Every structure is written in structure tokens, then in C-alpha cells.
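*Asks:* I'll drop the sequence and a predicted model, then ask my questions.
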Amino acid sequence: MLVAWCEALLDYHRRPGAFCIVRGRAGQRGCPDRLDELTVVYSDNSPGRWCYLRALDGRVTPAELSGCLDSGALPVLYAATREESRSWTYGEAMSARDKQLFSLPQLKHCPIEDALDGAPRDPRIRALRNLCPMNHFLFPMPSKFAMARVGWSENPTRSDLGESQTVIAWVQHRLLDHIGGGASVYERYLRAVGGRIRVLPPDGLIEIRRKGKGGDARKPGLEATRPPRRRRAIPAVKGRTGGADWWSAVLAPGRSNPRAEILGVVPDARQRLERLLAGLTVEKFVGISNAMFNKCDPKDLEAAAPRDLSRQAELGWGFLAGAKQSPALGGKWVRTVDALCGGAERGLVTVAAMRLDAFVTCTQRVVSQVYRKV
């Protein structure tokens, strides 16, 4: 899968209209800039983390990758305030689920070829280094672990061994062993990004100890622990009981929604809706509702594609498809999923049979009748 993702990224970034998601501080994140025939989006390392995880878990296939990049159905920041993300016209904040895959084992995401300060200025090179899963590896966080070289040294010496050139060389050669016949694709990637295969250094050992409370590495295993947080109880809808009551509020009929008018502009809107509703789960439904509310606001779509309803519709459908593939759920959105689990089987059957206008209204009721009340 790593090799197939690498090939897909190389093919995508040869396109004239490619979105180049680059590490950097220039520009406003989440708001694309035009640079000749390219569109440049500034990010932290969340897109690289997302690509790394999706290449490993298979939730996004290489064939789907170009659609995710074109529509912005991937994170551009690790975290952002709701006010900041409202102004975005591209990308998401990283989901709580993906964050935990790094934070719980206390691992950091490291590049083989520098994707930030040491990278060439060419947006295609910076984007490929930022996104390609074969350019990344995981290493213990130096803030959580004390690490020391055992029987070897190097120059320059780095306290963060995830940035050690010796460690990076070891990782690169381990990657080459792992991908086997895919080494030719990796070499093609290195040529595209101005990278190189490093000389394999002699074997060495690294001592890794978890830091204790206050960062004391001499007391491994004594780090401060917090009692588990008690999950907030889901309140009942006034005058009703049981999980299905939330669905009664969500499925209630409503007036026409302007979001549906925009999405309905494309000639294949019915087929797109059918694909969106196929295999729906509560988590995916809530993720779509989140995207419908936060990413498909008519004012935001107009700002992204002024007076171009067809382009606005394409952006909207892209946001929704991306939200189904990778729901961005954290905080109260998780409690919204919990609230809708009761009675979900019947509720989702009803949703799956809806027409576009009714479905859009239904997603907005998830926000007004559940999200805002849990």
C-alpha cells in the first residue's frame, strides 16, 4: 500500500491543476493561494500524518486520493478554533481519533527528507515530501522519553534522535528492505523531491526510558496519572424517553434548505446522494452532518467559488464524501454519536431513503436538535 500511495502522489502532482499542500507559515492556512498553474495550501504536518495513517489502515485507497486532495477532504491543521475553521475554504482539522493514534503511545511523526525549512521552494517537491507516507516514520516523543546513544556518536549531535541523520539512515534502509520490489518507485520519488539514499551506518543501540513526573528519566514508570474522566450523561429530550427520541427530532420534516439547492445543481446529484447514503453508520452520518453545517455554508461556498454554482456544488459534494470517508469527530460530536446510537438501525434506514432536500434538512437537525443539546 505504501508503494501504491507513493505512485498515486507522484501521478497527482504532475497534473497542471494539482493542490500542493506544503509545510510552512506563509499565507492563511485553510485558504488556498494560486501560484502559476498550481494551488498551494499551507499546513502543519497533519496532512502527512493523515496520509501515513490512511496508507496503513486502508480507509482511503490510492485511487481515491486525488479526489480527497481536490476536495480538501483531509486535515490541514492538527487543531484549530471553530472561528478559524469557519473561514477555511479547503481542508479540515485533524480528527480526535487520528490524534489519539499518535498521542496515546506518545509518538512523533518524523520525515526522512525535510519537508519544512530544509526543503526546496518548489511547491510540488514540498508537497510530495509533506504527504508521501514513504517519507515518514514514527519515533518516541523527546518530551516523554529520555534517549541516549549507546556505544556510538555522530556529528552533528542532536538531542532529538528522531532528527538524527544516523537514525534516519537506519530507517531509510529498513524501509527499502520492507518494500522490496517497490524500491524502484521509492527511487523515482527521491528523484522527484531531490532526495537521496543514505549510506548505511554501522548498527548501534539507543537507550529509551520513559520520563517520570517532572521529566525525571531516572524513575521510569512513575509518571503522573490522572483518573479517567467520567463520560457526560446524555440528557433526555423533554417529554420523551429512550434513544429513539433523538431520532424523532432529527427526522422531523422541515423547510427547504439552501444547501440542498446548491448541491442539486450538478446533473448527477441523485447518484451522488445514493453513494453518500450507501453503507451509512451513525459515525459517518454525524461526520457528514458536521461537514454539511461547517463546510457547506452557502456564504463559505460563495466565497470559495464566487458566482460559480457548479464549482460550489463540486466543493460541497467533495466535503461530504471526505467526511463520510474520514469523519472529523471530537468533543460534542462524539456525544452526538452516542446519543444517536439508540434507535440507529431504524433511523438510518429512514435516512437512506431520503431525497436530497430532506437529507440536508435532516443533517441540520442533527446540529440543532442533538449537537446543541448534548
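*Replies:* Received, thanks. Numbers count the residues shown, from 1 in each chain.
*Asks:* isn't residue 106 up against residue 139?
*Replies:* No. If you go by CB atoms under 8 Å, residue 106 and residue 139 don't touch, sitting 10.4 Å apart. Yep, even glycine has a C-beta here, placed from its N, CA and C like the rest.
*Asks:* more crowded one of the two?
*Replies:* It is residue 139, of residue 106 and residue 139, that has more neighbours when counted by other CB atoms under 10 Å, with 21 against 14.
*Asks:* I figured that one hits residue 158, correct?
*Replies:* No. Contact criterion CB under 8 Å: residue 139 and residue 158 do not qualify, at 11.8 Å.
*Asks:* do you know the pLDDT at the closest residue to residue 266 other than its chain neighbours?
*Replies:* The shortest distance from residue 266 to any non-neighbouring residue, by CB to CB, 6 or more residues apart in numbering, is to residue 313 (4.7 Å). Listed pLDDT for residue 313 reads 90.
*Asks:* can you check residue 128 too?
*Replies:* pLDDT, residue 128: 95.
*Asks:* got a list of contacts for the helix or strand it falls within?
*Replies:* Here residue 128 sits within helix 123-131, counting by DSSP states H and E. If you take CB atoms under 8 Å, 6 or more residues apart in numbering as the criterion, helix 123-131 is touched by 9-10, 13, 18-24, 35, 38, 40, 43, 45, 47-48, 51, 111, 113-115, 119-120, 135, 189, 192-195.
*Asks:* can you map out the strands along the stretch 51-200 of the chain?
*Replies:* In the stretch 51-200 of the chain, the segments counted as strands under DSSP state E, counting those that start in this stretch are 75-77, 92-93, 107-111, 136-140, 145-150.
*Asks:* ok, which of those strands comes nearest residue 184?
*Replies:* Residue 184 sits nearest to strand 136-140 of all these, at 19.8 Å, using CB to CB.
*Asks:* who are the packing partners of that closest one?
*Replies:* helix 46-57, strand 107-111, helix 165-179 (3 or more CB pairs under 8 Å, 6 or more residues apart in numbering; DSSP states H and E).
*Asks:* okay, the ones you listed, which one's buried deepest?
*Replies:* Of all the helices and strands packed on strand 136-140, helix 46-57 has the most neighbours on average by mean count of other CB atoms under 10 Å, namely a mean of 22.
*Asks:* now it and helix 123-131, what's the angle there?
*Replies:* For helix 46-57 against helix 123-131, the angle by axes from the mean of the first three to the mean of the last three CA atoms, to 10 degrees is 60 degrees.
*Asks:* begin at 10 from here
*Replies:* Sure thing, new numbering starts at 10, so read that last one as helix 55-66.
*Asks:* centre of the chain to helix 55-66, how far?
*Replies:* 7 Å (CA atoms, centre = their mean, to the nearest Å).
*Asks:* for the chain, give me the ranges with low pLDDT.
*Replies:* Applying pLDDT under 70 to the chain flags residues 34-38, 88-95, 222-253.
*Asks:* domains in it, by residue range?
*Replies:* What automatic domain parsing lists as the domains of the chain is 11-224, 253-380.
*Asks:* which SS state does residue 289 fall under?
*Replies:* coil (DSSP: H, G, I helix; E, B strand; the rest coil).
*Asks:* how much space separates it from residue 369?
*Replies:* The gap separating residue 289 from residue 369 is 15 Å, by CB to CB, to the nearest Å.
*Asks:* higher neighbour count, the two?
*Replies:* Applying other CB under 10 Å to residue 289 and residue 369 shows that residue 369 carries more neighbours, namely 27 against 17.
*Asks:* in the biggest helix by length in the chain, which residues are buried?
*Replies:* The longest helix of the chain (DSSP state H) is helix 318-334. Neighbour counts using 16 or more other CB atoms under 10 Å place 318, 321-334 of helix 318-334 among the buried residues.
*Asks:* relative to helix 55-66, how tilted is it?
*Replies:* 50 degrees.
*Asks:* wasn't residue 254 part of a helix?
*Replies:* Yes. Residue 254 sits within a helix when classified using three-state DSSP.
*Asks:* okay, now it: neighbour count?
*Replies:* 18.
*Asks:* and if you look at residue 274?
*Replies:* 15.
*Asks:* which SS state does it fall under?
*Replies:* Criterion first, three-state DSSP; result for residue 274: coil.
*Asks:* residues contacting it?
*Replies:* Per CB under 8 Å, 6+ apart, neighbours of residue 274: 318-319, 321-322.
*Asks:* which of those lies closest to residue 152?
*Replies:* residue 321 (43.1 Å).
*Asks:* would you quantify the distance from the closest one to residue 308?
*Replies:* 11 Å.
*Asks:* hmm, residue 156 is touching residue 214, no?
*Replies:* No. Under the criterion of CB under 8 Å, residue 156 makes no contact with residue 214, lying 10.9 Å away.
*Asks:* if you count surrounding residues, which of those two has more?
*Replies:* residue 156 (18 against 10).
*Asks:* residues of the helix or strand that contains residue 43 that come out buried?
*Replies:* Element membership for residue 43 (DSSP H and E) is strand 42-44. Residues of strand 42-44 include none that count as buried (16+ other CB under 10 Å).
*Asks:* ok, and what's touching that strand?
*Replies:* Counting by CB under 8 Å, 6+ apart, 29, 36, 48-51, 132 sit against strand 42-44.
*Asks:* kindly report the same for stretch 111-120.
*Replies:* Taking CB under 8 Å, 6+ apart as the rule, stretch 111-120 contacts 54, 57-58, 61, 138, 144-151, 153-154, 171-172, 177.
*Asks:* select only the buried ones of these in ChimeraX?
*Replies:* Buried members of the contacts of stretch 111-120, defined by 16+ other CB under 10 Å, are picked up in ChimeraX with:
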select :54,57,58,61,138,144,145,146,147,148,149,150,151,154,171,172,177
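*Asks:* returning to that earlier point: contacts only, for the residue nearest to residue 275.
*Replies:* Neighbours of residue 322 in contact, by CB under 8 Å, 6+ apart: 271-275, 278.
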